[in-house]
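# What shape does this take:
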Amino acid sequence: MAEPDYWRHMASAPKDGTRILVTIRPSEQGPAEVDLAYWSNGDQFGAEGWRAADSTPGRIIGYAEPELKCWMPMPSANLNRTSMPLPWEGDDDKELDGSGI
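Residues are numbered from 1 along each chain as shown. Model (predicted):
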């Protein structure tokens, strides 16, 4: 995807199997994190929903909608970038996409 790198509302995330970056909301298990995920229409290994891209058949890591705060397209290859982007830590989802300005 040749789109700019910025966080977007989950409502606009592609549900066609495209791999994307997601911010997982902080919880009692730990702070906010970024993961690589995709939408699955469901199969013999699991129900419809968001899955971690490193899931394997029989060992599905699934995310419930409320667990995911926002998404961004996979960034293009950049030799100067050596790590994942930081998770979105804004207080209000309305700030995503610049609408909080």
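
# Mind jotting down where the strands sit in the protein?
Counting by DSSP state E, the segments of the chain that form strands are 8-9, 20-24, 33-40, 49-52, 62-63, 68-73.

# most packed of these?
strand 20-24 (a mean of 22; mean count of other Cβ atoms under 10 Å). To be clear about C-beta, it is placed using only N, CA and C from the backbone, and glycine gets the same treatment.

# and that one with strand 33-40, angle?
Interaxial angle of strand 20-24 relative to strand 33-40 (axes from the mean of the first three to the mean of the last three Cα atoms, to 10 degrees): 120 degrees.

# give the contact list for the spatially most central residue of the chain.
With distances taken as Cα atoms, centre = their mean, residue 22 lies nearest the centre of the chain, 1.5 Å away. Residue 22 makes contacts with 10, 13, 34-37, 50, 63, 68-71, as judged by Cβ atoms under 8 Å, 6 or more residues apart in numbering.

# ok, 10 Å please
7, 10, 13, 33-38, 50, 52-53, 63, 67-72, 87-88 (Cβ atoms under 10 Å, 6 or more residues apart in numbering).

# Could I get the strands of the chain in TSV, plus columns for mean pLDDT?
TSV is the format used below for the strands of the chain (pLDDT from 0 to 100):
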stretch	mean pLDDT
strand 8-9	94
strand 20-24	95
strand 33-40	93
strand 49-52	93
strand 62-63	92
strand 68-73	95
